[in-house]
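> everything below, folded, please.
(one chain, ligands or ions: 1)
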Amino acid sequence: MKIQLALDRMTIPEAVGMAEKVAQSVDWIEVGTSLIKEFGVDSVKEMKRAFPDKVIVADIKTIDNARYEFEMCFEAGADVATVMGVSPLVTIDASMEVAGRYGRMVMIDLLNTSEEQQRELLKYKDAIFCEHVSKDQQEEMGAKNQGRGSSIFSGERMVAVAGGITLSSLVQLQRTLKPEVVIVGSAITKAENPSESAAQFKELILHGEGK
Ligand SMILES: O=C([C@H](O)CO)[C@H](O)[C@H](O)COP(=O)(O)O
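Got it, this is the predicted structure:
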């Protein structure tokens, strides 16, 4: 299982600094939606410049204009870019086409998708599917991705999980959704000691139940 560090609500230098602190414990680095909205794709460029050997995920959450936005992210150095699963399928088709042309990957964010939409999305065999509990659901409703229930993507496609994930919810998520990628933001970036927190996630994945 890979750990994707999500960097949100900070400046580009703060994001690079945070990634430096925890780099040895994380596999992928996500330039969060808030960074891309606030600072543009320069945030992606700067992160790739600082970490040329890490997989950089541009969490652009595209819902339209996929060809333009995906080319922009990949030109900036992203290895993976995100598109919303609720988008018209033509948008997801375009993002997959661009990713294929660049030899990069698409992560489809399943936020608010219906069962019917999810079944339609299964056809994207090369995509990563992110089971996501949003910031608003977390902050306004007290929800967290606790790994309850199941996913039609588990065991069929590459699965990522996101949304307020902690060490204890990761144990549960591993049992239920069986993700290949665990996306962790605030549990690391807002911890008193981010490098210790990231190391605990890595330890759990390497030697604990998160293996
Ligand atoms: O995608 C995210 C969110 O929608 C804000 O853009 C976060 O990257 C994701 O939720 C991970 O962050 P935490 O929930 O703080 O772990």
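> got a list of what the residue positioned nearest the centre of the chain touches?
The residue lying closest to the centre of the chain (CA atoms, centre = their mean) is residue 183, at 5.3 Å. By CB atoms under 8 Å, 6 or more residues apart in numbering, the residues touching residue 183 are 4, 6, 30, 130, 160-163, 165. Quick note: C-beta positions are derived from backbone N, CA and C, even for glycine.
> how about residue 200?
By CB under 8 Å, 6+ apart, the neighbours of residue 200 are residue 167.
> and it, how far from residue 62?
The gap separating residue 200 from residue 62 is 33 Å, by CB to CB, to the nearest Å.
> same question for residue 175.
Per CB to CB, residue 175 is found 32 Å from residue 62.
> between the two, who's got more neighbours?
residue 62 (25 against 10; other CB atoms under 10 Å).
> would you tell me what the next helix or strand after the helix or strand harbouring residue 108 is?
Using DSSP states H and E, residue 108 sits within strand 105-109. Heading C-terminal from strand 105-109, the first helix or strand you meet, by DSSP H and E, is helix 115-121.
> quick one: name whatever helix or strand follows that following helix.
Note on helix 115-121: by DSSP H and E, the next helix or strand toward the C-terminus is strand 128-132.
> distance of the residue nearest to the centre of the chain relative to the ligand?
5 Å (CB to the nearest ligand atom, to the nearest Å).
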